[in-house]
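> Okay, here's the prediction I keep looking at, along with the sequence it came from:
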Amino acid sequence: MTELSDVPVSAAKTGRFARMIFAVTALGAFMASLDLSIVNVAFPALERGFPHDPRASLAWVLTSYAIVFGSLLVVAGRTADRLGSRRVFFLGLSVFCLGSLLCAVAPSVPTLIAGRVIQGVGAAALLPSSLSLLLASYSRERRNQVVALWGGIGALAIATGPSLGALLITSFGWRAAFYVNLPIGLVALLVGRRVLDETEGSGSSSRPDYVGVVLVSVSLASLVLAITEGPTWGWTSAGTLLSVTSSILLGAVFLRRSSRHDEPVLDLRLFRTRTFSVANTVTLLYSMGFFAMLLGNILFLTSVWHYSIIDAGLAVTPGPLVVAAVSGPAGRLAGRFGFRRILMIGFAVFAAGLIWYVWRVSVAADFVRVWLPGTIIVGVGIGLTFPVISAAAVSSLDPARYAVGSAVNQTARQIGGALGVAILVVILGAPRTHAQALQGFEHLWWFVAAMAGAAGVTATLLGPRASAPSTCGVATAEATSLDPHPAGTPGTRDHCGVTRS
């Protein structure tokens with residue numbers, strides 16, 4: 001993948017033209033980030049729209065996107081390096097919009113899942129290529145600033161996704177959650193063709209490991225299938241055991257292939273560094289709980305407290321706003337005190353928020369005294385952890401490997417999310433009464449807290465002195481969207497030549 005310090009500036013872009021380039025590339029990050037939160041809000045409406053399909057089937061609407069996106073991210077970045085970022089950006093934009101259209105008109109759940117798979121392919125192509133185009137259009141002195149702003153657009157999408165999605169879905173139905181991508185994509189496509197310059201491809205004869213993408217995707221899908229269908233099929237049934245066995249065998253073949261391929265999906269050499277291995281294990285564990293909580297909270301508000309979709313969307317919106325406020329200071333604190341200390345505090349706060357839900361939430365709705373305090377506590381915990389984990393993942397790497405290391409961390413996050421949603425389906429089950437439903441959500445919150453605890457215990461292996469690297473202000477779209485100022489510490493000079501004050 002293109003490294004931040006090696007990106008050539010295609011031309012001096014100033015004024016209005018530079019702002020147009022920023023707007024086009026930021027729109028790609030906006031769409032991909034918006035889809036992470038808006039589809040969660042749409043899930044209750046999907047359940048009503050497809051009443052004869054079980055929740056285990058509908059969960060694939062979320063997990064299929066995460067699996068494909070996570071599996072393709074590294075390869076998509078390398079493909080952009082090889083063929084040119086402008087070409088891959090427009091291809092990703094077109095594919096993402098095609099997937100959105102298919103989702104919007106889907107007459108059945110299988111068609112909707114197919115659309116989400118296509119969206120995942122498009123999103124994986126969009127993010128690394130949009131960042132490469134942005135970096136190539138600005139001088140090295142300005143890159144940190146524009147990349148922080150680019151990441152801020154992702155933060156805006158995540159923060160506004162619940163309320164915007166709820167408004168659209170309430171007014172026009174769940175299909176609007178996918179139709180909304182089409183005008184955004186059309187604007188990016190039309191304007192981008194006028195202002196974006198092609199970056200020079202590497203011309204490398206070595207192809208990224210596309211077979212490896214298929215292997216890891218099918219392996220993960222098999223594992224998710226076993227988890228979601230295990231309660232129905234039986235945990236010792238032939239179908240469940242076959243799915244687990246297929247996942248293990250394909251995963252083993254994938255790892256073997258990654259150890260031998262010139263441009264693997266997963267560069268196993270990165271894991272020789274303890275900090276990198278620990279940080280990605282922490283990311284995987286934490287994401288399992290985090291993504292289960294995101295969907296679980298929406299389902300709780302709509303099914304137990306009987307909130308409308310618009311009320312549920314507004315109820316969860318304070319969380320992302322708190323994350324945006326806390327993540328910047330968290331990055332600076334990690335640079336001063338080290339990753340381990342900040343992560344331990346963050347995981348403890350996050351778990352405390354989940355325990356608050358278990359302790360205080362009942363079948364009687366009480367937003368101000370019960371839900372809002374828990375949401376704020378959880379938001380503080382997320383703000384102290386997710387951006388710091390992203391920085392920790394690349395802290396021990398050579399600057400030339402920051403981009404691929406960040407992409408691997410994003411992959412771990414998406415895989416954890418897919419597994420977490422699958423586990424959510426098992427935990428919640430099919431309750432018949434409000435009391436049973438509340439008990440299921442209490443079990444879910446305990447699971448999320450347990451994952452935070454496991455991530456915290458694992459984070460102790462980082463070492464007390466591990467601290468934030470200078471990464472020119474960017475890792476991945478989500479890392480920057482959670483942390484508007486993720487790079488560098490005061491008084492340091494990063495490899496982009498920017499001195500921080």
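In hand now; what should we look at? Residues are numbered from 1 along each chain as shown.

> Any buried residues in stretch 421-433, and which?
Residues of stretch 421-433 classed as buried: 421, 422, 423, 424, 425, 426, 427, 428 (neighbour count, 16 or more other C-beta atoms under 10 Å). All C-beta atoms are positioned from the backbone trio N, CA, C, and that covers glycine.

> Adding distance to residue 96 and secondary structure, write those out as CSV.
Converted to CSV, these look like this (distance: C-beta to C-beta, whole Å; DSSP: H, G, I helix; E, B strand; the rest coil):
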residue, distance to residue 96, secondary structure
421, 21, helix
422, 24, helix
423, 28, helix
424, 26, helix
425, 26, helix
426, 30, helix
427, 31, helix
428, 30, helix
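
> what helix or strand does the nearest residue in space to residue 34 that is not next to it in sequence sit in?
Nearest residue to residue 34, sequence neighbours excluded (C-beta to C-beta, 6 or more residues apart in numbering): residue 157, at 4.1 Å. Following DSSP states H and E, one finds residue 157 within helix 140-172.

> Give me the distance from that helix to the chain's centre.
13 Å (C-alpha atoms, centre = their mean, to the nearest Å).

> elements contacting it?
Helices and strands touching helix 140-172, by 3 or more C-beta pairs under 8 Å, 6 or more residues apart in numbering; DSSP states H and E, are helix 15-49, helix 109-136, helix 176-179, helix 309-316, helix 318-337, helix 477-482.

> And the ones you listed: which comes nearest residue 214?
Taking C-beta to C-beta, helix 109-136 is the member of the helices and strands packed on helix 140-172 nearest to residue 214, at 12.2 Å.

> May I see the buried residues of the closest one?
Buried residues in helix 109-136 (16+ other C-beta under 10 Å): 109, 112-136.

> and the angle for that helix with helix 15-49?
160 degrees (axes from the mean of the first three to the mean of the last three C-alpha atoms, to 10 degrees).

> Rounded mean pLDDT for helix 109-136, please.
Taken as a whole, helix 109-136 has a mean pLDDT of 90.

> elements contacting that helix?
When contacts are defined as 3+ C-beta pairs under 8 Å, 6+ apart, helix 109-136 packs onto helix 15-49, helix 60-83, helix 85-105, helix 140-172.

> Give the rounded mean pLDDT of the first one.
This means helix 15-49. Averaged across helix 15-49, pLDDT comes to 84.

> next structured bit after it?
For helix 15-49, the following helix or strand on the C-terminal side (DSSP H and E) is helix 55-58.

> just so I have it, where are all the helices in the stretch 201-350 of the chain?
Along the stretch 201-350 of the chain, counting by DSSP state H, counting those that start in this stretch, helices occupy 210-233, 238-258, 274-303, 309-316, 318-337, 339-360.

> Dump those into a markdown table; add mean neighbour count, distance to residue 405 and mean pLDDT as well.
As requested, the helices of the stretch 201-350 of the chain are exported to a markdown table (neighbours: other C-beta atoms under 10 Å; distance: least, C-beta to C-beta, whole Å; pLDDT from 0 to 100):
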| stretch | mean neighbour count | distance to residue 405 | mean pLDDT |
| --- | --- | --- | --- |
| helix 210-233 | 20 | 18 | 94 |
| helix 238-258 | 16 | 15 | 96 |
| helix 274-303 | 24 | 6 | 94 |
| helix 309-316 | 22 | 31 | 92 |
| helix 318-337 | 21 | 16 | 86 |
| helix 339-360 | 21 | 14 | 95 |
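
> The ones you listed: which one's closest to residue 398?
Set against residue 398 and scored by C-beta to C-beta, the helices of the stretch 201-350 of the chain come closest in helix 274-303, at 11.2 Å.

> could you give the angle of that closest one to helix 60-83?
Using the same axes, to 10 degrees, the direction of helix 274-303 lies 140 degrees away from that of helix 60-83.

> Helix 274-303 vs helix 140-172, what angle?
For helix 274-303 against helix 140-172, the angle by the same axes, to 10 degrees is 20 degrees.

> and the closest residue to residue 58 other than its chain neighbours, how many neighbours?
Leaving aside its sequence neighbours, residue 58 sits nearest to residue 46 (C-beta to C-beta, 6+ apart; 5.6 Å). Counted with other C-beta atoms under 10 Å, residues neighbouring residue 46 total 21.
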